[in-house]
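[1] sequence plus predicted model, see below.
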Amino acid sequence: MTNRYFDKLEQATGGREKSIRWFRDKIRDFGTPPPLQLVNEGEVRPYPYWGRMNFFLYDAKYKDKLPYWDRFPLVLPLEETNNGFIGLNFHYLSIPMRLKLLNIITDFATDRRFDEDTRINTTYRQLKRHPIVKPTIKRYLNSKLDSPFRRINVDEMMMAVLLPIQQFQKQSETKVYSDSRRMMARR
């Protein structure tokens, strides 16, 4: 059996579709991997994989002024900026809400195979009408990256959103999720 975390999860399915509960139980059984392990086990490069989710380590520029921030984002990049990019950070949502957002973005998949060749082809403009998107929109600066980008293929996205690997600085995830729910309630 391989040592790569996502491969171990996928092998455990025996090639069959499994429920979200099954994946969450397996994640509990295998334990939560350290962020650097997840980054180092996958395909990496120094710039984001467009149309796919990415893990990376990040050091926020205004961390002293921000109420909180995620040290290990799980992001679907949406738009390039002159010094970085804007994307959806799924970690700002509770796991059930992450699954709802995942369901929304898969409507923008380039095909229905949902394999390593499938991409998510969407923009902020296409997604902004969904209130769930609002708390996840974040801007990332190239100068504040602390690791390469680890590619998450579409067939790995559900496993990635179920992993409790968010690393919020200065506040608990309970506070972050509460603020996100409040943000979604505002129109």
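    Thanks, I have the structure now. Residues are numbered from 1 along each chain as shown.
[2] residue contacts, residue 83?
    141-143 (C-beta atoms under 8 Å, 6 or more residues apart in numbering). For glycine as for every other residue, the C-beta is placed from the backbone atoms N, C-alpha and C.
[3] out of the residues you listed, who's nearest residue 164?
    residue 141 (26.0 Å; C-beta to C-beta).
[4] just the ones in strands from the contacts of residue 83, please.
    Counted as lying in strands by DSSP state E, out of the contacts of residue 83, are residue 141.
[5] so for the chain, the centremost residue is which one?
    By C-alpha atoms, centre = their mean, the chain has its centre lying nearest to residue 74, at 2.6 Å.
[6] what sits against it?
    Listed by C-beta under 8 Å, 6+ apart, the contact set of residue 74 reads 53-55, 89-91, 152, 160-161, 163, 165-166.
[7] redo that, cut-off 7 Å
    53, 55, 89-91, 160-161 (C-beta atoms under 7 Å, 6 or more residues apart in numbering).
[8] and which of the residues you listed is nearest residue 120?
    Of all those, residue 120 sits closest to residue 53, with 8.1 Å by C-beta to C-beta.
[9] any idea how many residues pack against the closest one?
    Residues within reach of residue 53, counting by other C-beta atoms under 10 Å, total 27.
[10] torsion angles phi and psi at it?
    phi -70, psi 160 (degrees, to the nearest 10).
[11] confidence score at it?
    Residue 53 is assigned a predicted lDDT (pLDDT) of 95.
[12] just residue 50 next, same as before
    Listed pLDDT for residue 50 reads 97.
[13] surely it is in a strand?
    No: read with DSSP: H, G, I helix; E, B strand; the rest coil, residue 50 is coil and lies in no strand.
[14] what helix or strand is the closest residue to it other than its chain neighbours located in?
    Distances taken as C-beta to C-beta, 6 or more residues apart in numbering place residue 77 nearest to residue 50, at 5.7 Å, with adjacent residues excluded. In this structure, residue 77 sits in strand 74-81 according to DSSP states H and E.
[15] from the chain's centre, how far out does that strand sit?
    Distance of strand 74-81 from the chain centroid (C-alpha atoms, centre = their mean, to the nearest Å) equals 11 Å.
[16] what residues of that strand count as buried?
    Within strand 74-81, the residues that qualify as buried are 74-78, counting by 16 or more other C-beta atoms under 10 Å.
[17] try stretch 97-105
    Residues of stretch 97-105 classed as buried: 97-98, 101-102, 105 (neighbour count, 16+ other C-beta under 10 Å).
[18] and the longest helix for this structure?
    Identified as the longest helix of the chain according to DSSP state H is helix 173-185.
[19] pull the CA atoms of that helix into CSV?
    Extracted in CSV, the C-alpha atoms of helix 173-185 (Å, rounded to 0.1, in the frame of the first residue of the first chain):
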residue,chain,number,x,y,z
GLU,A,173,-12.8,27.5,13.5
THR,A,174,-16.0,27.9,15.4
LYS,A,175,-15.7,31.7,15.3
VAL,A,176,-14.7,31.6,11.6
TYR,A,177,-17.7,29.4,10.7
SER,A,178,-20.0,31.6,12.7
ASP,A,179,-18.8,34.7,11.0
SER,A,180,-19.1,33.0,7.6
ARG,A,181,-22.8,32.0,8.3
ARG,A,182,-23.5,35.6,9.3
MET,A,183,-21.9,36.9,6.1
MET,A,184,-24.0,34.5,4.0
ALA,A,185,-27.2,35.7,5.8
